[in-house]
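[1] just need the structure, nothing else, for what follows:
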Amino acid sequence: MVSLLIGIISTGFITQSFYRQLLINRATIQDQLIQNTDSGIALLRGLPDSNIPLQKIQLFSDSNDSVSIKKMTWGCYPLLYATSSFSRNNQIQSWSQTCLLGFDKDTIAASSLYLTNHQHKLIVSGNTIIDGPIYISEKGIATDNMVGIPFNGVIPDDTSIKRSKFELPKYNEQLTQELKKLIALSKNPSSYYEWPDSLVNSFGNQTIVSHDEITIVENQYLEGNIILTADSLIFVRQNAVLENIILSAPYIIVEAGFKGKLQAFASQYIDIQAGAKLDYPSVIFLEKEQTVEEPLFLSIDSTAHIQGLVACIDKTDHRKRPRFKIYPNATITGELFSTDLISLEGNVYGTVITPGFSLQKGMQSFRNYLLNAHLSTSPRSEYFLQSLFRSSSPSDTKILQWIHSESLNR
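    Here you go, the predicted structure:
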């Protein structure tokens, strides 16, 4: 009996020791896999290529230290993906990581305003607050109560005012071509995809693309390597959950109360309704196509908040001017870029780059006029990074955000 008891106890200790060692081995392997993917990400950051298809490489002479890497342009940001795996006794242990890259702010992005209008001085009224530094013309800035509202705000002193050039800062036109190529992929009829209620697609997989005439996204969770396009309209309902996906259509509407993270590219119309929250690094990108006759329309409604990039580009004949309006209490945190006039009555915590402003009150229209607007870089995080859209040094990158890490044991 005693020997049996001793045997049972000994077996228990041996079994416990075995499983403890198994867990230690798994943890050691996991640490090595994480180190391998970190090395893969570091390698990708040092490569000048903008697109590298998924490929397996050996980090060292040991065949166990291999990693699969991939680099692509995802909307307005470079994206890196790395995965490493270990196989033994028909069991596979793996680790994968995905991140977006950004770029340090240039001198213009460190200012709250870059205004290229050299025909009119900048007029401010009401509770307009502008923190320096700013770039404006030699005509300067003045306060006024032209609309019957006296000035009670704040403007920069002369030491914070610099002279702007006659033309807008250059933006990455090659990037817009890359975006069009990426979008064109999704217009292939074979790319049609029926959306389930929930879908997460790793960037290590092939991009899932969908195309329809009109797409309404509701009661769905979509995340990752997904592009959603439509011939006419994409309507994102408040109850949808979207994380890091791309939308492309002539018309895009984001319903009031929606919260998520996305990049939206449209050629005619974007409407971000009241209270919608687009988290960093989201993108709202409106660019007119040469064949489109109607003017661009971009509306960011009251209490909506966009963190990232908002860009409105129109290089066509301006007989039909774009309508670009940011309503009172709407907020953009990041960068706002427009090739035409902006009606701005909300808040931009970051940088505004534009040829001028417009203000419509009743039947009267005022040029280069701001009423109750708030322009300041201080509420924007010091860690904010620029996108590829206006980066001047695409080789000098920093990790903007880790968007997906995954451990798998099978």
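
[2] CA only for contacts and neighbour counts going forward, please
    OK.

[3] what about the stretch 201-350 of the chain, any weak spots by pLDDT?
    Counting by pLDDT under 70, the ranges of the stretch 201-350 of the chain that qualify are 317-320.

[4] so where do the strands sit in it?
    For the stretch 201-350 of the chain, the strands defined by DSSP state E, counting those that start in this stretch cover 208-217, 221-224, 226-236, 241-254, 259-272, 277-287, 297-300, 305-313, 323-326, 331-338, 343-344, 347-354.

[5] remind me what the shortest one packs against, helices and strands.
    What it means is strand 343-344. For strand 343-344, the elements it packs on are strand 323-326, strand 358-361, judged by 3 or more CA pairs under 8 Å, 6 or more residues apart in numbering; DSSP states H and E.

[6] residue 225: which of these is closest?
    Checking the helices and strands packed on strand 343-344 against residue 225 by CA to CA gives strand 323-326 as the closest, at 30.1 Å.

[7] list the buried residues for the closest one?
    By neighbour count on 16 or more other CA atoms under 10 Å, the buried set for strand 323-326 is 323, 324, 325, 326.

[8] same question for stretch 294-313.
    For stretch 294-313, using 16+ other CA under 10 Å, the buried residues are 295-313.

[9] over to stretch 229-246?
    Residues 229-230, 232-246 are the ones in stretch 229-246 that count as buried (16+ other CA under 10 Å).

[10] dump the helices and strands packed on strand 343-344 into CSV; add distance to residue 386 as well.
    Converted to CSV, these look like this (distance: least, CA to CA, whole Å):
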stretch, distance to residue 386
strand 323-326, 21
strand 358-361, 26
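
[11] which among those is found nearest to residue 218?
    That would be strand 323-326 among the helices and strands packed on strand 343-344, by CA to CA, at 25.7 Å.

[12] I'd assumed residue 129 was in contact with residue 371.
    No - counting by CA atoms under 8 Å, residue 371 does not reach residue 129; the two are 9.4 Å apart.

[13] what about these two, which has more around it?
    Neighbours around residue 371 and residue 129, counted as other CA atoms under 10 Å, are more numerous at residue 371. The numbers are 26 against 22.

[14] nearest residue to that one in space, please, no chain neighbours.
    Leaving aside its chain neighbours, residue 371 sits nearest to residue 125 (5.0 Å; criterion: CA to CA, 6 or more residues apart in numbering).

[15] that neighbour: what's it in contact with?
    By CA atoms under 8 Å, 6 or more residues apart in numbering, residue 125 lies in contact with 143-146, 149-153, 369-372.

[16] distance of it relative to residue 132?
    Using CA to CA, to the nearest Å, residue 125 is found at 17 Å from residue 132.

[17] could you do residue 228 as well?
    Using CA to CA, residue 228 is found at 40 Å from residue 132.

[18] and what of residue 294?
    Relative to residue 132, residue 294 is positioned 36 Å away (CA to CA).

[19] same question for residue 199.
    45 Å.

[20] okay then, goodbye and thanks.
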